[in-house]
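Pasted the sequence and its predicted model underneath.
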Amino acid sequence: MESHLTEEALWANGVAARLRLIQANFADDEASLRQNYLSEELERSLKAVAPSRRDGHLRALGDFFPAWGGGSAPRAAVVAEPGAPAPPETPEEILNRLIDSAALLTEEEKAALARRLQQAGLAPKESAGASAEATPEFWKFFGLATPKPVSADRAHKMLVALSGVFLALDQLAWTLWRQFNAKSIYRKEAEFGKLAGPYLANDPEVSTEQIRQPLERTRRLIAALLGALGRGSANFSRRQSTNLSPESIENAARIEKKAWESLEATSWRKYKELYREYSTEQMIESQVQTEFVKAAEELLKGIGR
C-alpha cells in the first residue's frame, strides 16, 4: 500500500512521473535540450532533500530507470516494514529543511523564528553596541566620504534626539502658520509622529513615501518661515520708506495745497496724516505680518527663487 512506502520511494515515485512527463513532452526536441530539462527537474527535486539522504533517494529513483544502474527491469518500490520507525533526522538535516522552506515564510514569521532560535541559544543575540552597514549616501549627510559600520546603540540614541527636535519644530511651525495665515491652502496633511512608530515597527501599511511626505512639507514650511523674515521685513521697509519719503510727501502736498498755504505747511500736514495712517503701533504690526505672510507664500510656491 502507498501508506507503507518509504520516504525515498514516495519521493522517487513523484520525481519519476515528472521526468517521464518531460521526456514525453519534449520527445521531438534535440536530445541535449531534453537532457537539460531533465537535469533541471532533478536538481530542483533534490533541493528539498537533505544532503545526507540524497544517495538513498537517488537509488530509489534508479529503480524506476534501470538503465542508469545497468539493471534489466524496473523493480517495485521498496516497501518498509509496517511499524518500523524512520531514523531520526540529524540537526543539520533539520536546519537544511528550515533553510529550504524559508522562502515561503513572511518577514513576521522569520522574525518570530529568529527570536525563538535566540531564546534557545542557537543564534546570537544582538548586543547593545551592534553595528550595521550604511550606504555611502547616508554618510555624506555627516561629512564622511568613507562608509563605516553604524553603532546600533548610538543610532537609536541619535534617532531619539533628532525625533524630539523635529517633533517640537513641527508643532511650532504649523502652529505659527495657522496663527499668521489661517486661510492658507498649504496645510498639514499627515501627523509624522503617528506614522513614525508603526513605520519603525515594520508595519507594512506605512510606506517610506508616507513618512517622507510630512517631513518634506514641514521642511518647506520651516524654510519659508525663515526666509520670509528677511524678505518680508525688506518689503515692509521699502514700502514704508516710500510712503513717508520727503519726495512722496511733497508730491502729495502739491496736489492738496491750498492757494494761501505754503508747500512746507501742506507737506507737514500731509506727513502727519500719513504717519497716523501708516506708523501707529497696530498698523506697523499688521503691515509687517502681511508682508511676512506674503513672502512665505511666495517661497512656498517657489516664486522668486
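Looks like it arrived, so ask away. Numbers count the residues shown, from 1 in each chain.

Which strands or helices does the longest helix seen in the chain pack on?
Secondary structure assigned by DSSP state H gives helix 208-243 as the longest helix of the chain. Packing partners of helix 208-243 (3 or more Cβ pairs under 8 Å, 6 or more residues apart in numbering; DSSP states H and E): helix 152-180, helix 192-200, helix 263-278, helix 281-300. The way it works is simple: take the backbone N, C-alpha and C, and place the C-beta from them, glycine included.

I'd like those written out as JSON lines, with mean pLDDT added.
Formatted as JSON lines, the helices and strands packed on helix 208-243 follow (pLDDT from 0 to 100):
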{"stretch": "helix 152-180", "mean pLDDT": "91"}
{"stretch": "helix 192-200", "mean pLDDT": "90"}
{"stretch": "helix 263-278", "mean pLDDT": "81"}
{"stretch": "helix 281-300", "mean pLDDT": "85"}
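
Most tightly packed of those helices?
Highest mean neighbour count among the helices and strands packed on helix 208-243 (mean count of other Cβ atoms under 10 Å): helix 281-300, with a mean of 16.

relative to helix 152-180, how tilted is that one?
Angle, helix 281-300 to helix 152-180, by axes from the mean of the first three to the mean of the last three Cα atoms, to 10 degrees: 130 degrees.

related to what we said a few turns ago, wait, which of the helices and strands packed on helix 208-243 is closest to residue 26?
Distances from residue 26 to each of the helices and strands packed on helix 208-243 were compared using Cβ to Cβ; the shortest belongs to helix 192-200, at 49.8 Å.

Identify the residues contacting the closest one?
Helix 192-200 is contacted by residues 163, 166, 167, 170, 205, 206, 208, 210, 211, 214, 215, 218 when judged by Cβ atoms under 8 Å, 6 or more residues apart in numbering.

Distance to residue 55 added to the residues you listed, as TSV?
Formatted as TSV, the contacts of helix 192-200 follow (distance: Cβ to Cβ, whole Å):
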residue	distance to residue 55
163	57
166	61
167	62
170	65
205	48
206	50
208	48
210	53
211	53
214	60
215	58
218	64
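
Spatially central residue for this protein, please.
residue 208 (2.7 Å; Cα atoms, centre = their mean).

mind checking pLDDT for that one?
Among the per-residue scores, residue 208 shows a pLDDT of 89.

Identify the residue spatially nearest to it, adjacent ones excluded.
Spatially, and ignoring its direct neighbours in sequence, residue 208 is nearest to residue 199 (7.6 Å; Cβ to Cβ, 6 or more residues apart in numbering).

Can you give the domain ranges for the chain?
Listed by automatic domain parsing, the domain ranges of the chain are 2-87, 128-244+279-305.

Give me the distance from the longest helix of the chain to the chain's centre.
28 Å (Cα atoms, centre = their mean, to the nearest Å).

And stretch 188-204, by the same measure?
Computed by Cα atoms, centre = their mean, the separation of stretch 188-204 from the middle of its chain amounts to 11 Å.

can you check stretch 205-214 too?
With Cα atoms, centre = their mean, you get 7 Å for stretch 205-214.

what's the answer for stretch 241-259, then?
That offset, for stretch 241-259, works out to 62 Å (Cα atoms, centre = their mean).

as a whole number, average confidence for that stretch?
79.

Show me what counts as buried in that stretch.
249, 250, 252, 253, 257 (16 or more other Cβ atoms under 10 Å).

returning to that earlier point: next, format the helices and strands packed on helix 208-243 as TSV and append distance to residue 242.
As requested, the helices and strands packed on helix 208-243 are exported to TSV (distance: least, Cβ to Cβ, whole Å):
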stretch	distance to residue 242
helix 152-180	24
helix 192-200	43
helix 263-278	10
helix 281-300	13
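
Go through those helices and name the closest to residue 20.
Between the helices and strands packed on helix 208-243, helix 192-200 lies closest to residue 20; by Cβ to Cβ that is 51.9 Å.

Which of the domains of the chain comes out lowest on mean pLDDT?
Among these, domain 2-87 scores lowest, at a mean of 71.
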